[in-house]
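*Asks:* I need the structure of the sequence given here:
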Amino acid sequence: SDREKYSGEGGAFQCLKSGHGQVAFMCYDEIPPSERQDYQLLCMDGSRKSVEEYKDCYLLKEPRHAVISRKDADSEQIYKVLKLIPDSDLFSSAAFGGKDLMFSDAATELIELPKITDSFLYLREDYHEAMHALKAGNPPAPDGKIEWCTISHAEQQKCDSLQIPRMECRRASSVDECIQR
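*Replies:* Presented below is the predicted three-dimensional model:
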């Protein structure tokens, strides 16, 4: 959310750089080349390596920029509804005075994965286990609407402005509260 000081693509690095954090999970390219010598990577085997060795040293490889929905009939409906929204409206946050609202501003399109690709294959086992650890079993909305949870005024404004009749924007006070819904 744009309300959080260390949100967005560069937030984790800014938290680390400011001294407020000792470890950050982030993309290699968030660290400016001129500063990479000031940081080290923590590897799965307990060793440390230079930032330039990111392909061989990591704690977790993140599948970037994924929008995952349930694998049932509703997932097709979610994709169809989101595709009704022009990409320029869906991915831009400038008109709402924020950045990375609902989606990363760097996003350019949504791509539906082939039906034979399931989340376990796409996200890998560690992400799959983390997702199952979250509170599961939210039933689909009885009226077939997609519920989108927002956590800031700007996100709520953007969501409301999309004016898709089958999408309902709901406000929560935090990401945790959104997950619990």
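*Asks:* which helix or strand lies directly C-terminal to the helix or strand where residue 148 lies?
*Replies:* Using DSSP states H and E, residue 148 sits within strand 146-150. Helices and strands here follow DSSP H and E; after strand 146-150, the next one along the chain is helix 153-161.
*Asks:* ok, residues contacting that following helix?
*Replies:* Contacts of helix 153-161 from elsewhere in the structure, counted by C-beta atoms under 8 Å, 6 or more residues apart in numbering, are 1-2, 89, 93, 95-98, 101-102, 148, 150, 167, 169, 171. For every residue, glycine as well, the C-beta is placed using N, CA and C.
*Asks:* who are the packing partners of the next helix or strand after it?
*Replies:* Of the helices and strands lying after helix 153-161 in sequence (DSSP H and E), the nearest is strand 167-171. For strand 167-171, the packing partners by 3 or more C-beta pairs under 8 Å, 6 or more residues apart in numbering; DSSP states H and E come out as strand 146-150, helix 153-161.
*Asks:* give me that answer again for 10 Å
*Replies:* The contact analysis (3 or more C-beta pairs under 10 Å, 6 or more residues apart in numbering; DSSP states H and E) places strand 167-171 against helix 73-83, strand 146-150, helix 153-161, helix 175-180.
*Asks:* which parts of the longest one are buried?
*Replies:* By neighbour count, with 16 or more other C-beta atoms under 10 Å as the criterion, the buried positions of helix 73-83 are 77, 78, 81, 82.
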